[in-house]
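Peer 1: Please find the sequence and the predicted model below.
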Amino acid sequence: MFVSSAGMHVAVLLFAAALPLTTVALDNGLMKTPPMGWLAWERFRCDVDCEHDPKNCISENLFIDMADRLAEDGWKELGYVYVNIDDCWSSMDRDKEGRLQSDPKRFPGGIHKLARYVHDRGLKLGIYGDMGTHTCGGYPGTPLDKIKIDAQTFADWEVDMLKYDGCYSNVTEQEQGYPLMSEALNATGRPIGYSCSWPAYQGGLPPKVNYTQLGKICNLWRNYGDIQDSWDSVLNVIDWFFNNQEVLIPAAGPGRWNDPDMLLIGDFGLSMDQSRAQMALWAIMAAPLFMSNDLRTISSGARSILQNKMAITINQDPMGIQGRRIVKEKNGIEVFWRPLSSNASALVFFSRRKDMPFRYQTSLSKLNYTTGSYKAFDVFAEKTVMLKDSTDFVVSVNPSGVVMWYLSAPAKRHLRQFYKGGRSRDEGNAIPSFIL
């Protein structure tokens, strides 16, 4: 067994370190927990052929349909409240005043009318922009000289979130443009959640990426490349985020989130086990939960995963501490852990194996839980067991699948060994633990 050198409860250290950092979050009061909703891109891409494909083209009818499904099929009550337009929504030309305008054939009522419809359903509308000369799909971008007018246009349309991409822009423009858009959105007086793609265009890691600065200007940010509808793509995202967890975990917190991209659950590329794995690991990462699927035809199995109340509760934990990988076994089993409010925690046992279900044996004490009895609720099986820390247990994990637990702990976290800044007095050599 390989347990990360920092040990499981180094995340408690991160909890201590994270508290003062909340003061540097973007001061718009939004997204104190990871935002949830629906996003068009992965499932519908840039389909603008409404003549031959009216049900799937990027048009106001598509977003009205998705708003109806969110409002009527139990999604809204669980927190899925954003209906987000992605690329290819606009006309190829700005209007006479230089403002962006929606394609008049596909959005005959305009974005403002669509926003009113979405709001009347108790939901929020998100929109897409790009700081380059053009969007990634070739539509008009929002370069530096258009930032103020486009921010005000989005506010006038009563948009609630902006995803700001970076195609057809350079490093210098990005360094200026992403902070300027943050200022411009705030200056409108309308609360608009701000998703930055900046770090994804800079490789996602320091020194090119300054996560302290990002936390001051953005509510969430894309760190890495686009996810695709395949298990290999999901694994690629998982590997990048957890291989770089020491950099990414301190960056996240209420109002400022790392974004590993959309949930593919309900599309074509993932099995049910793989779908549960994505949901579980996105919950551990405190990731935004933006589905990109067809809610009109989604299967009952995919719906049950996405509407799993305990998985959502874990994702939405108000402490907002991003979880970490704590065990990486040679046999293909990995264990992930996240600290939660009310002295609880979440564990995910994940199998990279391709052969058959694997019976993985461990104990809570081996995972650095301290003495006591713990109540473990299996998130997807919906069963509860009581475990003593020293008692070995076995979990059967399907290939490319997970077992996810919510643990009610009998202990209180002991933070006195940490001083301001989150470093332990022995510079991290000891592994923090629960104190009964």
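Peer 2: Everything's here; your move.
Peer 1: measure stretch 383-396 end to end?
Peer 2: Start-to-end span of stretch 383-396 (CA to CA, to the nearest Å) is 14 Å.
Peer 1: List the buried residues of it.
Peer 2: 387, 389, 395 (16 or more other CB atoms under 10 Å). C-beta coordinates here come from the backbone N, C-alpha and C atoms, glycine included.
Peer 1: just stretch 290-309 next, same as before
Peer 2: By neighbour count on 16+ other CB under 10 Å, the buried set for stretch 290-309 is 290-295, 298, 302-303, 305-306, 308.
Peer 1: and the residue lying closest to Gly203 once chain neighbours are set aside, how many neighbours?
Peer 2: Nearest non-adjacent residue to Gly203, counting by CB to CB, 6 or more residues apart in numbering: Val209, 7.0 Å away. By other CB atoms under 10 Å, 19 other residues sit near Val209.
Peer 1: which SS class is Val209?
Peer 2: Here Val209 is coil, with the state taken from DSSP: H, G, I helix; E, B strand; the rest coil.
Peer 1: can you check Leu30 too?
Peer 2: Of the three states, Leu30 takes coil under three-state DSSP.
Peer 1: Tell me the spacing between it and Met291.
Peer 2: 20 Å (CB to CB, to the nearest Å).
Peer 1: hang on, the earlier thing: tell me which residues touch the residue nearest to Gly203, please.
Peer 2: Val209 makes contacts with 198-199, 202-203, 223, as judged by CB atoms under 8 Å, 6 or more residues apart in numbering.
Peer 1: which among those residues end up buried?
Peer 2: Neighbour counting by 16+ other CB under 10 Å classes 198-199, 202, 223 among these as buried.
Peer 1: Which members of the residues you listed occur in helices, if any?
Peer 2: Here DSSP state H is the test, and the buried ones among the contacts of Val209 give 198-199 as lying in helices.
Peer 1: low pLDDT regions in the protein?
Peer 2: For the chain, applying pLDDT under 70 flags the ranges 1-25, 410-436.
Peer 1: residue boundaries of the helices in it?
Peer 2: Under the criterion DSSP H, helices of the chain are mapped to 10-21, 41-44, 60-72, 110-120, 147-156, 171-187, 198-201, 211-217, 231-243, 245-248, 272-284, 300-306, 309-315.
Peer 1: sorry, back to before: of all the buried residues of stretch 290-309, which comes closest to Ala277?
Peer 2: Set against Ala277, the nearest of the buried residues of stretch 290-309 by CB to CB is Ile305 (9.9 Å).
Peer 1: what residues are up against the closest one?
Peer 2: 265, 272, 275-276, 279, 311, 380.
Peer 1: List the buried residues of stretch 229-248.
Peer 2: For stretch 229-248, the neighbour count (16+ other CB under 10 Å) marks 229, 231, 233-234, 237-238, 240-242, 244-245, 248 as buried.
Peer 1: possible to save those as JSON lines with distance to Tyr369?
Peer 2: Conversion of those to JSON lines gives the following (distance: CB to CB, whole Å):
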{"residue": "Asp229", "distance to Tyr369": "37"}
{"residue": "Trp231", "distance to Tyr369": "31"}
{"residue": "Ser233", "distance to Tyr369": "33"}
{"residue": "Val234", "distance to Tyr369": "29"}
{"residue": "Val237", "distance to Tyr369": "29"}
{"residue": "Ile238", "distance to Tyr369": "24"}
{"residue": "Trp240", "distance to Tyr369": "28"}
{"residue": "Phe241", "distance to Tyr369": "24"}
{"residue": "Phe242", "distance to Tyr369": "21"}
{"residue": "Asn244", "distance to Tyr369": "26"}
{"residue": "Gln245", "distance to Tyr369": "20"}
{"residue": "Leu248", "distance to Tyr369": "24"}
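Peer 1: out of the residues you listed, what pair is the most spread apart?
Peer 2: Using CB to CB, the two most remote members of the buried residues of stretch 229-248 are Asp229 and Gln245, lying 25.0 Å apart.
Peer 1: pretty sure Asp273 is touching Gly401, no?
Peer 2: Yes - counting by CB atoms under 8 Å, Asp273 does reach Gly401; the two are 3.4 Å apart.
Peer 1: Of the two, give the one with the bigger neighbour count.
Peer 2: Neighbour count, other CB under 10 Å: between Asp273 and Gly401, Gly401 has more, with 22 against 17.
Peer 1: if I look at that one, how far off is Arg106?
Peer 2: In terms of CB to CB, Gly401 sits 40 Å off from Arg106.
Peer 1: Please apply the same query to Val237.
Peer 2: 31 Å.
Peer 1: what's the answer for Gly138, then?
Peer 2: Distance of Gly138 to Arg106, given as CB to CB: 15 Å.
Peer 1: How about Phe349?
Peer 2: For Phe349, the distance to Arg106 (CB to CB) stands at 45 Å.
Peer 1: So for these two, which sits in the more crowded spot?
Peer 2: Set Phe349 next to Arg106 and count neighbours by other CB under 10 Å: Phe349 wins out with 21 against 18.
Peer 1: Count residues in the vicinity of the residue nearest to that one when sequence neighbours are not counted, would you?
Peer 2: Of all residues not flanking Phe349 in the chain, Val403 sits nearest, at 4.5 Å (CB to CB, 6+ apart). Look at Val403: counted by other CB under 10 Å, it has 22 neighbours.
Peer 1: Pull the contacting residues for Val403.
Peer 2: 348-349, 378, 380-381, 395-397 are the contacts of Val403 under CB under 8 Å, 6+ apart.
Peer 1: I'd like to know which of the residues you listed is nearest to Glu175.
Peer 2: Using CB to CB, Val348 comes nearest to Glu175 of the contacts of Val403, at 36.8 Å.
Peer 1: Show me what that closest one bridges to in the sheet.
Peer 2: On the basis of DSSP bridges, Val348 is bridged to Phe336, Met404.
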